[in-house]
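# Let's see this in three dimensions:
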Amino acid sequence: MPTYLIRHRWTRRELAVIEAPTTARALEWAVRCGMSLIDADLAGTSLRGAFLAAADLRAAGLAGADLAGCYLRRADLRGADLRGARLAHAFLGAADLRRADLREADLSRTDLRGVNLVGADLRGVILTGARLSDALCDWRWSALPAELLRQCPDPSTDGHRLVIDLAFHDDPAPWSWMRLISGRGPVTEWALGVLAASVRDGDNAPELLQCLTADAAGLSLLADPGPAPRMLWTRRS
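Residues are numbered from 1 along each chain as shown. Predicted structure coming up:
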């Protein structure tokens, strides 16, 4: 059986030497044993379909790695280098991707429910068909709003055009995509309504979306004040 050497990505010192049939199985063994993979050099590694639940991959080098179909529930990927990584069909429920570098990564049809993406670099990321409910989003670049709008299509031609404009928006300035939404009449209202529904406490949504979310919450409370109070017991004088 082959052996696999895991090194520190900066110092190049050996972190582990594991005997296993494949690299994916070697990494699964390391995770099951509770081994920390902080700063591990896994760039370009094939880990397709690996079971890596709760793996500690903080600041790991995973650029160009094949993580398609991996099970990464509650994995800690804070600060990980995932540039160009393939994560299609992976399960990352409740994983921590804060400050991760996801530029040009493929997250198509990836389960991102409950994931924390705040501070992650999402420039050029592919999110087609990703499940994003309850995710704590990073709103700085257009890939995420483009996918949210694509999943809640507006029947008008202008709505489709807006999604395309966002998908190909290449201005590197954070939140510059907001300019594409403004001034489109009913399409602007549709887009803002869809995006506001994905705003969560603690994310970095633009102030306009935060205000829309707060307004919607206030209207909901006014519309449904709850059951009327009723007296259950009182002391007689």
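
# And the helices in the protein?
Under the criterion DSSP state H, the chain contains helices at 23-32, 143-151, 157-167, 178-181, 186-196, 207-223.

# Export the ones you listed as CSV, with columns for distance to residue 87 and mean pLDDT.
(Glycine included, C-beta is placed from N, CA and C.) Shown next, in CSV, are the helices of the chain (distance: least, Cβ to Cβ, whole Å; pLDDT from 0 to 100):
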stretch, distance to residue 87, mean pLDDT
helix 23-32, 14, 96
helix 143-151, 14, 96
helix 157-167, 19, 93
helix 178-181, 27, 94
helix 186-196, 23, 93
helix 207-223, 26, 64
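
# Among those helices, which comes closest to residue 89?
Of all these, helix 23-32 sits nearest to residue 89, with 14.8 Å by Cβ to Cβ.

# related to what we said a few turns ago, please tabulate the helices of the chain in TSV, including the columns distance to residue 13 and mean neighbour count.
Below are those laid out as TSV (distance: least, Cβ to Cβ, whole Å; neighbours: other Cβ atoms under 10 Å):
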stretch	distance to residue 13	mean neighbour count
helix 23-32	16	20
helix 143-151	36	22
helix 157-167	42	16
helix 178-181	45	17
helix 186-196	45	18
helix 207-223	45	12
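
# Ok, which of those helices comes nearest residue 57?
Across these, closest to residue 57 is helix 23-32 (Cβ to Cβ), at 9.0 Å.

# Wait, residue 150 touches residue 162, no?
No. Assessed by Cβ atoms under 8 Å, residue 150 is found out of contact with residue 162, at 10.0 Å.

# Thought residue 71 was touching residue 53, still the case?
Yes. The criterion here is Cβ under 8 Å, and residue 53 meets it with residue 71 at 5.8 Å.

# worst-scoring helix or strand of the chain, pLDDT-wise?
helix 207-223 (a mean of 64; mean pLDDT, DSSP states H and E).

# contacting residues around residue 92?
72, 73, 75, 110, 111, 112, 115 (Cβ atoms under 8 Å, 6 or more residues apart in numbering).

# Repeat that for residue 195.
145, 148, 149, 205, 209.

# which two in these are spaced the farthest apart?
Top of the distance list for these (Cβ to Cβ): 149 and 205, 14.5 Å.

# Please name the nearest non-neighbouring residue to the residue nearest the centre of the chain.
In the chain, the centroid-proximal residue (Cα atoms, centre = their mean) is residue 117; its distance is 4.5 Å. Spatially, and ignoring its direct neighbours in sequence, residue 117 is nearest to residue 138 (4.6 Å; Cβ to Cβ, 6 or more residues apart in numbering).

# That neighbour contacts residue 120, doesn't it?
Yes. The criterion here is Cβ under 8 Å, and residue 138 meets it with residue 120 at 5.0 Å.

# Those two: who's more crowded?
Using other Cβ atoms under 10 Å as the criterion, residue 138 and residue 120 rank with residue 120 on top: 27 against 24.

# Next up, the contacts around that one.
Contacts of residue 120 (Cβ under 8 Å, 6+ apart): 97, 98, 99, 100, 101, 102, 138.

# do residue 37 as well
6, 15, 27, 30, 31, 55, 56, 57, 60.

# wait, isn't the fourth one in contact with residue 20?
Think residue 30. No. Here residue 30 does not reach residue 20: they are 9.3 Å apart, not a contact under Cβ under 8 Å.

# I'd like the distance between residue 88 and residue 167.
17 Å (Cβ to Cβ, to the nearest Å).

# what do you get for residue 63?
23 Å.

# same question, residue 27
Counting by Cβ to Cβ, the gap from residue 27 to residue 167 is 33 Å.
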